[in-house]
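Trainee: here is my input; please provide its structure:
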Amino acid sequence: MAFENDPRTWSFAKRALAELKKPRKRQTKKFWRCWVQVQLADGELRWYQLPKDLQAAIKAERKLHPQTWQNFLQGAVINVPIGEYHDGKAPITCGLICQVKMRHHQKVPSHDVTRSQFVQPTYLCGWPRYHQLANYLKHDFSPENQYQIKHDLHRVLKPKWWLKRKLGGI
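Mentor: Numbering: from 1, shown residues only. Below you'll find the predicted structure:
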């Protein structure tokens, strides 16, 4: 009886059928995901994953500029959720991107995904642009979130303008 259970003694056809019946291990493919470290208005640093539409743009930028692709978003202002989603809505604010990294896996909960609205650092100069920037970042949110974005945007960008004014730039 033990002789029949030994696969080394089976015919090729019987071994092939036995291989097909065995449960296979599912191989999981590791995906690279782009993560950004965002400094919120209160100075807190949080890691967020970029949404899928921005992931594609970052991958294209990474192919075109393999050495400097991280500079594309570094210093940009981006909308981020600061709480849990309830009925598809969450409290939203804005923050400055400090670091950009590619990772294989998630290290934070999946609800920490940024929104797609961001503005690159080359656009962040001058008060007239501040109002355009505020209108763009808050354009499709609830009134509470719009107030929070406008208030925090001023707090995030004020130190940069204060420093420029002090140095004679504005």
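Trainee: got a list of contacts for the lengthiest strand in the chain?
Mentor: Identified as the longest strand of the chain according to DSSP state E is strand 92-103. When contacts are defined by Cβ atoms under 8 Å, 6 or more residues apart in numbering, strand 92-103 is touched by residues 32-41, 45-46, 58, 62, 69-70, 72-82, 115, 118, 137, 141, 145, 148-149, 152-153, 156. In this view, the C-beta of every residue, glycine as well, is placed from N, C-alpha and C.
Trainee: how about the helices in this structure?
Mentor: Here the chain has its helices, by DSSP state H, at 12-21, 52-64, 127-137, 143-167.
Trainee: in TSV: these, plus mean pLDDT and distance to Lys101.
Mentor: What follows is those, written out as TSV (pLDDT from 0 to 100; distance: least, Cβ to Cβ, whole Å):
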stretch	mean pLDDT	distance to Lys101
helix 12-21	84	41
helix 52-64	86	11
helix 127-137	73	23
helix 143-167	70	21
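Trainee: dump those into CSV; add mean neighbour count and distance to Ile92 as well.
Mentor: Below are the helices of the chain laid out as CSV (neighbours: other Cβ atoms under 10 Å; distance: least, Cβ to Cβ, whole Å):
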stretch, mean neighbour count, distance to Ile92
helix 12-21, 10, 51
helix 52-64, 14, 16
helix 127-137, 14, 9
helix 143-167, 15, 4
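Trainee: next, format those helices as CSV and append distance to Asp87.
Mentor: Output for the helices of the chain, formatted as CSV (distance: least, Cβ to Cβ, whole Å):
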stretch, distance to Asp87
helix 12-21, 47
helix 52-64, 22
helix 127-137, 22
helix 143-167, 14
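Trainee: just to revisit the earlier point, for the longest strand of the chain, buried residues please.
Mentor: By 16 or more other Cβ atoms under 10 Å, the buried positions in strand 92-103 come out as 92-97, 100.
Trainee: what's the closest of the residues you listed to Ala18?
Mentor: The nearest member of those to Ala18, counting by Cβ to Cβ, is Val100 at 49.4 Å.
Trainee: ok, and the closest non-adjacent residue to the closest one?
Mentor: Sequence neighbours aside, Gln70 is the residue nearest to Val100 in space, at 4.4 Å (criterion: Cβ to Cβ, 6 or more residues apart in numbering).
Trainee: residues contacting the one you found?
Mentor: 99-101.
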